[in-house]
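Asker: Here you go, sequence then predicted model.
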Amino acid sequence: MKISVTTKIYAVIGDPIAQSLSPQLHNGLFKEVGVDALYLPIAVKSEDLEKLVDGFRLMNFGGFNITKPHKMEIMKVLDRLDPLAEKIGAVNTVVFRDGKMVGYNTDGFGFIKSIESKIEIPKDELTILILGCGGAVKSVAMALADWGIKKVIIANRTVAKAEELVNQINEGWPGQAQAIGMTPEALKKAVDEATVVVNGTSLGMADTALQSPLPKELLKKELLVYDMIYSPAVTQLMKDANAIGAKTQNGLDMLLYQGLLAFELWTEIFPDPAVGKKLLEKGIEGIE
């Protein structure tokens with residue numbers, strides 16, 4: 001592309017950053033919608049984060065994304081936080097607006113956008129079981145509570161960690177979250193109550209590709225079984241669910257929609273999801 005003095009600069013920052021699909025997505029979208037902009041991957045160590053952001057303030061930046069390990073640390077150097085991002089305690093998108101840096105978290109609503117057309121009951125009747133309680137799970141669970149679902153159940157091997165997250169959720173949205181352990185009895189009860197089951201653990205990736213976080217005998221065909229993992233495209237959990245006729249979905253659409261929502265925050269344009277998905281799939285092919 002031709003770069004000029006009017007070209008807006010955007011970026012994704014993290015450490016490491018080479019694996020990020022965000023440049024593939026956003027540069028393709030800028031070209032698709034005719035926005036004069038360039039999106040760069042920038043690796044930065046924690047100790048240099050503030051200096052990098054100070055540099056951004058001096059340049060023609062429109063905004064940037066943040067990935068591991070800076071989603072919490074970045075909050076210290078921003079001018080303002082979106083209320084949900086503040087509750088979550090993590091930021092993945094920054095917008096330069098009226099000379100100020102404003103932090104948002106689009107991860108959770110990326111998940112919501114990826115499932116809302118597949119849910120056949122009102123959201124206030126919806127119970128979602130999430131396995132694991134890492135950073136992505138926290139963003140999704142809080143966004144679900146903010147969206148107004150009936151209940152989010154957090155299951156984790158270390159129950160104390162699940163209880164800590166649930167307490168944080170219930171502070172902002174009283175009574176909307178429950179913590180359980182990963183015992184067969186607790187999981188069976190939660191699965192029977194849930195409409196959607198979500199894997200937020202790393203089981204199913206790389207050297208655990210043949211493993212599933214949920215015993216297949218606990219699955220039921222009425223579920224939407226969602227795995228936040230998108231590579232491999234079909235995890236063992238999804239294979240088990242497919243085998244009994246349940247609906248399944250991987251995490252590619254969550255990645256897509258959190259990116260599309262960030263793009264909309266920057267440009268006030270919500271791009272065509274089909275175009276964005278093709279760009280991501282092309283990026284994944286280049287990595288595999």
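Answerer: The structure has been received and is ready for your questions.
Asker: Please state the offset of the helix or strand hosting residue 263 from the chain centre?
Answerer: For residue 263, the host element (DSSP states H and E) is helix 252-267. Distance of helix 252-267 from its chain centroid, counting by Cα atoms, centre = their mean, to the nearest Å, is 10 Å.
Asker: That helix: what's the following helix or strand?
Answerer: Downstream of helix 252-267, the next assigned helix or strand under DSSP H and E is helix 273-287.
Asker: That following helix to helix 252-267, inter-axis angle?
Answerer: 120 degrees (axes from the mean of the first three to the mean of the last three Cα atoms, to 10 degrees).
Asker: Quick check: buried residues in stretch 84-94?
Answerer: Across stretch 84-94, burial judged by 16 or more other Cβ atoms under 10 Å covers 84-85, 87-94. Any C-beta I mention is one placed from the backbone N, CA and C, and that applies to glycine too.
Asker: now stretch 167-183
Answerer: Using 16+ other Cβ under 10 Å as the test for burial, stretch 167-183 gives 168-169, 172-173, 176-180, 182.
Asker: Could I get those in JSON lines, plus columns for pLDDT and secondary structure?
Answerer: Below are those laid out as JSON lines (pLDDT from 0 to 100; DSSP: H, G, I helix; E, B strand; the rest coil):
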{"residue": "168", "pLDDT": "96", "secondary structure": "helix"}
{"residue": "169", "pLDDT": "97", "secondary structure": "helix"}
{"residue": "172", "pLDDT": "94", "secondary structure": "helix"}
{"residue": "173", "pLDDT": "96", "secondary structure": "coil"}
{"residue": "176", "pLDDT": "96", "secondary structure": "coil"}
{"residue": "177", "pLDDT": "98", "secondary structure": "strand"}
{"residue": "178", "pLDDT": "98", "secondary structure": "strand"}
{"residue": "179", "pLDDT": "98", "secondary structure": "strand"}
{"residue": "180", "pLDDT": "98", "secondary structure": "strand"}
{"residue": "182", "pLDDT": "95", "secondary structure": "coil"}
